[in-house]
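S.K.: Return a 3D structure for these sequence lines:
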Amino acid sequence: MTGMRSALVVGATGLVGSSLVKLLCESEKYIAVNVISRRKLNFTHPKLNVKIREFDQIADQDMEFAHEIFCCLGTTIKKAGSQSEFEKVDFEYPLSIAALAKNYGVAHFIVISAMGANDKAMANYSRVKGKLEKELIAMNFPQLSIVRPSLIIGDRQEFRLGESIGAKVMKIMNPLLVGPMAKFRSIPANQIALAMLNIALNGEKQSVTIYTSDQLTAMQMPVEVKMGDEASAEKLFNWDKYKDEELPPVDKEVIIDRSKIKEVERGRGE
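M.R.: The predicted structure follows:
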């Protein structure tokens, strides 16, 4: 039944988050789109409800019923100003929000991580993202979806020199990255948003699923069909039916180790 879902988005003013909020509001699958943000959005919609909060001050009462929470928080060390501030945004805040969501009974947590995330990585950025993934997995959500994009491109409000140079390089390199190398192609922010919406509505219903950048790029929303239109209905999103078609299915990579899972206590995100 359409129009019966509710979503909560954190990080809605960023490149991916802002696109995602618009997609959610435009989707007839959602009746309510709640946002927790540090500043006002440059977007309004009858479905949209925005709470202005500092991320370290979010409490139980700020949570809203949601079928899924989309966590789109992310920054750079340069923008954050220091290593500790970077970890607050990319590790501490998402973990705290996830703990509140778990205690509130949210079944599906969808988070943007990064390609190469590994808690033992030499690169600090990849290591912090890996630490976040590891802690989120340990929370044992009924459904955790980890999105690992490569370089995200789009029109940012602030100028980032490194990403600007990277985007120009990747524009040349993308056509050369084929086969197993396709996951290294840059990816538009609006495509990540579309993929996250797709994952929310059609993703694998299992404990942990990791989506690589090439899988995110391949995702498209299924075509809406009328009842009785069996020919078109065959094209509805179905993981099995894409096996022999041009677009591959979204393979899952379950990395959960149940022997290490611990129960989330209230206040986990301190």
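S.K.: what stretches of the stretch 51-200 of the chain score poorly on pLDDT?
M.R.: Across the stretch 51-200 of the chain, the ranges flagged by pLDDT under 70 are 155-184.
S.K.: Sketch out the helices for this structure, chain order is fine.
M.R.: 15-26, 77-80, 83-87, 93-104, 124-138, 161-173, 189-202, 213-218, 230-233 (DSSP state H).
S.K.: Redo these as JSON lines? Include distance to Arg38 and mean neighbour count.
M.R.: All C-beta spots, glycine's among them, are computed from the backbone N, C-alpha and C. Shown next, in JSON lines, are those (distance: least, CB to CB, whole Å; neighbours: other CB atoms under 10 Å):
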{"stretch": "helix 15-26", "distance to Arg38": "12", "mean neighbour count": "22"}
{"stretch": "helix 77-80", "distance to Arg38": "13", "mean neighbour count": "14"}
{"stretch": "helix 83-87", "distance to Arg38": "14", "mean neighbour count": "15"}
{"stretch": "helix 93-104", "distance to Arg38": "10", "mean neighbour count": "22"}
{"stretch": "helix 124-138", "distance to Arg38": "19", "mean neighbour count": "20"}
{"stretch": "helix 161-173", "distance to Arg38": "21", "mean neighbour count": "13"}
{"stretch": "helix 189-202", "distance to Arg38": "19", "mean neighbour count": "22"}
{"stretch": "helix 213-218", "distance to Arg38": "26", "mean neighbour count": "22"}
{"stretch": "helix 230-233", "distance to Arg38": "43", "mean neighbour count": "10"}
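S.K.: Can I get these in JSON lines including distance to His45?
M.R.: Formatted as JSON lines, the helices of the chain follow (distance: least, CB to CB, whole Å):
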{"stretch": "helix 15-26", "distance to His45": "4"}
{"stretch": "helix 77-80", "distance to His45": "28"}
{"stretch": "helix 83-87", "distance to His45": "32"}
{"stretch": "helix 93-104", "distance to His45": "22"}
{"stretch": "helix 124-138", "distance to His45": "29"}
{"stretch": "helix 161-173", "distance to His45": "29"}
{"stretch": "helix 189-202", "distance to His45": "15"}
{"stretch": "helix 213-218", "distance to His45": "25"}
{"stretch": "helix 230-233", "distance to His45": "29"}
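S.K.: Leu144 is nearest to which of those helices?
M.R.: Leu144 sits nearest to helix 124-138 of all the helices of the chain, at 5.9 Å, using CB to CB.
S.K.: helices and strands around that closest one, which ones?
M.R.: Where contact means 3 or more CB pairs under 8 Å, 6 or more residues apart in numbering; DSSP states H and E, helix 124-138 is packed against helix 83-87, helix 93-104, strand 108-112, strand 143-148.
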